[in-house]
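**Student:** Following is a predicted model, sequence given first.
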Amino acid sequence: MMSIAKGRKIVVFLDYDGTLSNIVDDPEKAFMTKKMRFAVQEVARCFPTAVISGRGRDKVHDFVELDNVYYAGSHGLDIAAPSQSPNDADPKHQTRGNEVVLFQPAKKYLPAIQKQIFIALNEKTRSIRGILIEHNKFCISVHFRHVRDEDFCTLEKLVNSVMGEYKEFRISKGKKVFCISYSYILYSCPNSNNEFIIFTSHLGFDFFGIISQVFEIRPDMEWDKGHALNYLLDTLGFGSSSDALPLYIGDDRTDEDAFKAIRERGDGYPIVVSSSPKDTMALYSLRNPLEVEKFLLRLVHHSGMAKGRGGAGDHPPRPRFPMVETPPVPGPDPDGELITAPTPAP
């Protein structure tokens, strides 16, 4: 990668949940490790770095706790830059604390989200046990992984009834994978809590994962993580420039828009975080947040090597297995090296 980047500027984009932190049972406890925070901090010292998350920008900032990165919350609907960036000289930008608010394309929808939709959803779904409604400023997440199977249809009808009054918003269903290990999926089946238990096998040891389920409610507008990525590249002066080499790491289906944006540029590294084959626009993969951490530290290390020699770092990492629909059972990767993504399902 560093040899390809010779004479060009690497720009790093990162999802949060499932990428910088593990997927956990309680979204409020999705803390990143100290080692991961150090890795992101060091990467941001070497390259322009942004965290693009479905969470509210303030919330993801509270998790990451770094002031040298760009933050794009609510799936890119709320973007801010570090105050030490060149953008803080623009009087059009709002400065708050250590951040400069760059762009909020859905600002006109904020009153409806805060004063109407969020309140209505809480009131309408009060009788549903196990529901968690998360306010992400410009979007709302309705987590239903702990909702009983017999209550799910009622919940879905209630959410649709509330949102039927707000034609300028859309509902999408998202999923995330919890606790998938270095293994391949054997089979899956639903349990009584509307969760899919994924049974896996690896060298004689059994592991399992849970697919977390959520309704995402956000303004129905042409803006997603891919648009946020392109906006930030424009802001950094790399809009249509071949001088930039964007790198995006993410695990969720909403990250596919960013992978697509990089592929449409015809240059860069779309990297999915997944331990099993999946339908994706990404060209490379890392298995879990631990491998993301190791990869980021290697990126920093080789950046230093390149600067020390006045040239590029080592050669790009080699794929560790061919692009096949079902890869062989992999073992732990001590180097956090990139592997090619599984072939998308037909």
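**Tutor:** Sure thing, it's come through.
**Student:** drop to CA atoms for contacts and neighbour counts, all remaining ones
**Tutor:** Noted.
**Student:** in the stretch 201-346 of the chain, which spans are helices?
**Tutor:** Counting by DSSP state H, counting those that start in this stretch, residue ranges of the helices within the stretch 201-346 of the chain are 225-235, 256-265, 289-309.
**Student:** how far is the longest one from where the chain is centred?
**Tutor:** A distance of 20 Å separates the centroid of the chain from that of helix 289-309, by Cα atoms, centre = their mean, to the nearest Å.
**Student:** and it, which residues are buried?
**Tutor:** By 16 or more other Cα atoms under 10 Å, the buried positions in helix 289-309 come out as 289-300, 302-303, 305-306.
**Student:** can I get the helices of the stretch 201-346 of the chain in TSV with distance to Ile128 and mean pLDDT?
**Tutor:** Below are those laid out as TSV (distance: least, Cα to Cα, whole Å; pLDDT from 0 to 100):
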stretch	distance to Ile128	mean pLDDT
helix 225-235	31	96
helix 256-265	31	97
helix 289-309	33	84
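**Student:** Any chance of TSV for those helices, columns distance to Phe63?
**Tutor:** Output for the helices of the stretch 201-346 of the chain, formatted as TSV (distance: least, Cα to Cα, whole Å):
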stretch	distance to Phe63
helix 225-235	19
helix 256-265	22
helix 289-309	15
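**Student:** so which of those comes closest to Phe31?
**Tutor:** helix 289-309 (11.8 Å; Cα to Cα).
**Student:** Who are the packing partners of the closest one?
**Tutor:** Helices and strands touching helix 289-309, by 3 or more Cα pairs under 8 Å, 6 or more residues apart in numbering; DSSP states H and E, are helix 34-46.
**Student:** Contacts only, for Ala30.
**Tutor:** 17, 21-24, 63 (Cα atoms under 8 Å, 6 or more residues apart in numbering).
**Student:** what about 6 Å?
**Tutor:** For Ala30, the contacting residues are Val24, by Cα atoms under 6 Å, 6 or more residues apart in numbering.
**Student:** Repeat that for Asp243.
**Tutor:** Per Cα under 6 Å, 6+ apart, neighbours of Asp243: Arg8.
**Student:** From Lys6, how far out is it?
**Tutor:** 10 Å (Cα to Cα, to the nearest Å).
**Student:** So which residues of the stretch 1-150 of the chain form strands?
**Tutor:** 9-14, 49-52, 70-73, 78-82, 94-96, 99-103, 132-135, 140-143 (DSSP state E, counting those that start in this stretch).
**Student:** So what sits opposite the closest residue to Val272 other than its chain neighbours in the bridge?
**Tutor:** Excluding its sequence neighbours, the residue lying closest to Val272 (Cα to Cα, 6 or more residues apart in numbering) is Ser285, at 4.7 Å. Per DSSP bridges, the residues bridged to Ser285 are Val272, Ile339.
**Student:** Now for Ser285, how many residues are close by?
**Tutor:** 27 (other Cα atoms under 10 Å).
**Student:** Was I right to think it contacts Ile271?
**Tutor:** Yes - using Cα atoms under 6 Å, Ser285 makes contact with Ile271 at a distance of 4.9 Å.
**Student:** Next up, the contacts around the spatially most central residue of the chain.
**Tutor:** With distances taken as Cα atoms, centre = their mean, Asp15 lies nearest the centre of the chain, 2.5 Å away. Taking Cα under 6 Å, 6+ apart as the contact definition, Asp15 lies against 51-53, 250.
**Student:** For Ser172, state which of these is nearest.
**Tutor:** Ser53 (15.7 Å).
**Student:** how far away is the closest one from Phe152?
**Tutor:** Taken as Cα to Cα, the span from Ser53 to Phe152 is 26 Å.
**Student:** Which residue of those two possesses the greater neighbour count?
**Tutor:** Using other Cα under 10 Å, the more surrounded residue of Ser53 and Phe152 is Ser53, with 27 against 18.
**Student:** Kindly provide the distance from that one to Asp149.
**Tutor:** On the measure of Cα to Cα, Ser53 and Asp149 end up 29 Å apart.
**Student:** and what of Leu132?
**Tutor:** Counting by Cα to Cα - Leu132 and Asp149 are separated by 15 Å.
**Student:** Would you mind telling me which of the two has more residues around it?
**Tutor:** Shown here are Leu132 and Asp149; by other Cα under 10 Å, Leu132 has more neighbours (19 against 16).
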